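Engineer: Need coordinates for the following:
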Amino acid sequence: MSATPPSRLRSIIGGSIGNLVEWYDWYAYSAFSLYFSAAFFPPADPTVQLLNAAAVFAVGFFMRPLGGWLLGRYADRHGRRAALTATVLLMCGGSLLIAITPGYATIGVAAPAVLLLARLLQGLSVGGEYGASATYLSEMAGQRHRGFWSSFQYVTLIGGQLAALGVLLILQRTLDKAQLQDWGWRIPFVIGGLLAVVALFMRRSLEETGDFQRDTAARHAGSAAATMRGLLQHPRAVLTVIGLTAGGTVAFYTFTTYAQKFLVNTVGFSKEEATFINAVTLVVYVVLQPLVGALSDRIGRRPVLLAFAVVGTLGTVPLLTALERAASVNEAIGLLLLALTAVSGYTAINAVVKAELFPTGIRALGVGFPYAIAVSLFGGTAEYVALWFKNAGHEPWFYWYVTVCIAGSLVVYATMRESSTLGHMGD
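Structural biologist: Numbers count the residues shown, from 1 in each chain. I've put the predicted structure just below:
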């Protein structure tokens with residue numbers, strides 16, 4: 001039975017808000033690592049401490065394939081709503097663990113060990129969140145405006161990052177640097193844990209999607225469909241997900257999460273200026289997502305992906321070089337907005353493209369697992385690779401690394417089929 005427009009809208013809003021809380025918890029780590037890296041790791045050069053924090057950030061990503069696998073199977077067997085409820089429980093636990101863990105000066109090496117454990121829990125959560133939420137929003141969206149409504153996955157994903165930055169901006173204005181460094185960085189993780197509890201109650205009231213309800217065979221024989229054998233029956237779709245993700249996820253993490261550290265550690269802005277620049281550009285970036293999603297409903301997904309990849313391949317090195325030399329806050333904002341406008345060609349529609357590649361019975365697993373592999377290898381390591389090149393004295397090499405990754409995805413976009421015409425999804 002198809003959802004009515006009012007119930008469809010309620011479900012999309014409910015799923016999106018839960019998604020925002022999930023990603024707030026995930027990005028609070030990145031937003032506040034400038035402050036807590038000194039608390040969890042031994043005294044060292046600031047770049048080395050950030051490198052340690054980035055390494056834990058990257059390791060958390062390597063739990064995402066496991067989360068994509070376990071929770072993707074769960075979503076295909078027991079429903080999208082059940083999987084979305086499970087992911088928020090894991091995220092809540094990780095956030096509260098970070099909030100209460102003593103620093104290195106108090107418990108020594110146990111501090112980074114517990115931090116790592118918390119990030120592993122969050123990595124498991126967010127690995128399952130992507131596949132389940134992308135599938136849920138895409139199936140709830142309806143055929144005519146699927147690109148538009150599915151773009152709200154990244155609206156709320158970026159919204160979660162903005163919320164983390166908003167908390168940071170407030171704390172930067174209410175606490176001094178010593179207080180933020182000492183204990184203030186714990187506040188956003190307490191907030192995240194509490195918000196996750198709210199999201200849990202919201203998700204328990206979500207409607208299940210019509211696609212899942214109609215697919216009785218997939219639901220009752222899910223143990224046969226949502227398996228590795230079932231996934232390997234769609235090799236082209238799996239490889240397409242990995243290929244189309246690689247360049248997009250590197251670009252996304254470069255110009256969102258890493259940008260804040262780049263502005264401080266390379267360009268020379270203060271932490272407060274960098275946070276402001278990042279927040280302003282992300283606000284505009286959020287607005288771009290539904291616009292680009294709606295455009296894909298009119299002209300197709302593939303042309304939008306191609307536009308991102310061509311601009312990214314040709315423009316990444318000159319743009320990052322110019323950003324490195326930015327002399328004012330306004331110049332940095334303008335350059336980052338150029339980058340994020342191009343990246344919107346990937347972020348606004350990548351979830352719906354992946355969902356359209358798979359049939360219902362294996363969709364959450366098909367979207368979540370290969371995506372998690374690609375984002376772990378490329379997105380989760382982007383910050384670490386950038387800092388590693390910087391520490392080695394060859395920072396511009398990272399600019400070329402991003403370019404090569406985007407160029408690889410360009411090949412995939414140029415050879416893939418238009419996903420919106422494949423007919424795997426109902427209305």
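Engineer: Skip the chain neighbours and tell me the closest residue to T347.
Structural biologist: Excluding the flanking residues, the one nearest T347 by C-beta to C-beta, 6 or more residues apart in numbering is Y154, at 4.5 Å. Heads up, the C-betas are built off the backbone N, CA and C, glycines and all.
Engineer: so that neighbour touches Y346, yeah?
Structural biologist: No. Using C-beta atoms under 8 Å, Y154 makes no contact with Y346, being 9.3 Å away.
Engineer: still on that earlier bit, state the next helix or strand along the chain beyond the helix or strand containing the residue nearest to T347.
Structural biologist: Y154 belongs to helix 152-174 when assigned by DSSP states H and E. Per DSSP H and E, the first helix or strand lying C-terminal to helix 152-174 is helix 177-182.
Engineer: ok, back up a step: which strands and helices sit next to the helix holding Y154?
Structural biologist: helix 5-40, helix 110-141, helix 187-203, helix 271-299, helix 329-347, helix 350-356 (3 or more C-beta pairs under 8 Å, 6 or more residues apart in numbering; DSSP states H and E).
Engineer: tell me which residues in the second one are buried?
Structural biologist: Right, helix 110-141. By 16 or more other C-beta atoms under 10 Å, the buried positions in helix 110-141 come out as 111-112, 114-115, 118-141.
Engineer: Mind checking what helix or strand follows that helix in sequence?
Structural biologist: Next along from helix 110-141, by DSSP H and E: helix 146-150.
Engineer: Kindly report the same for the longest one.
Structural biologist: Once the chain leaves helix 5-40, the next helix or strand it forms, by DSSP H and E, is helix 46-61.
Engineer: same for that next one, what does it pack against?
Structural biologist: Counting contacts by 3+ C-beta pairs under 8 Å, 6+ apart, helix 46-61 packs against helix 5-40, helix 110-141, helix 380-391.
Engineer: and the gap between the closest residue in space to R80 that isn't next to it in sequence and T360?
Structural biologist: Distances taken as C-beta to C-beta, 6+ apart place Y136 nearest to R80, at 4.1 Å, with adjacent residues excluded. Look at Y136 and T360: by C-beta to C-beta, to the nearest Å, they are 12 Å apart.
Engineer: if we can go back for a sec, nearest to M63 among the helices and strands packed on helix 46-61 would be which one?
Structural biologist: Of all these, it is helix 110-141 that lies closest to M63, at 3.1 Å by C-beta to C-beta.
Engineer: so what's the residue lying closest to R204 once chain neighbours are set aside up against?
Structural biologist: Nearest in space to R204, with sequence neighbours left out and distances taken as C-beta to C-beta, 6+ apart, is T85 at 5.9 Å. Contacts here follow C-beta atoms under 8 Å, 6 or more residues apart in numbering; on that basis T85 touches L200, R203, R204.
Engineer: let's see it at 10 Å
Structural biologist: G18, G79, A132, A199, L200, F201, M202, R203, R204, L206 (C-beta atoms under 10 Å, 6 or more residues apart in numbering).
Engineer: Could you do P112 as well?
Structural biologist: S37, A39, F40, F41, P42, N52, A53, A55, V56, T101, G103, Y104.
Engineer: Please work out the angle formed by the directions of the helix holding Y154 and helix 329-347.
Structural biologist: On the basis of axes from the mean of the first three to the mean of the last three C-alpha atoms, to 10 degrees, helix 152-174 is oriented at 150 degrees to helix 329-347.
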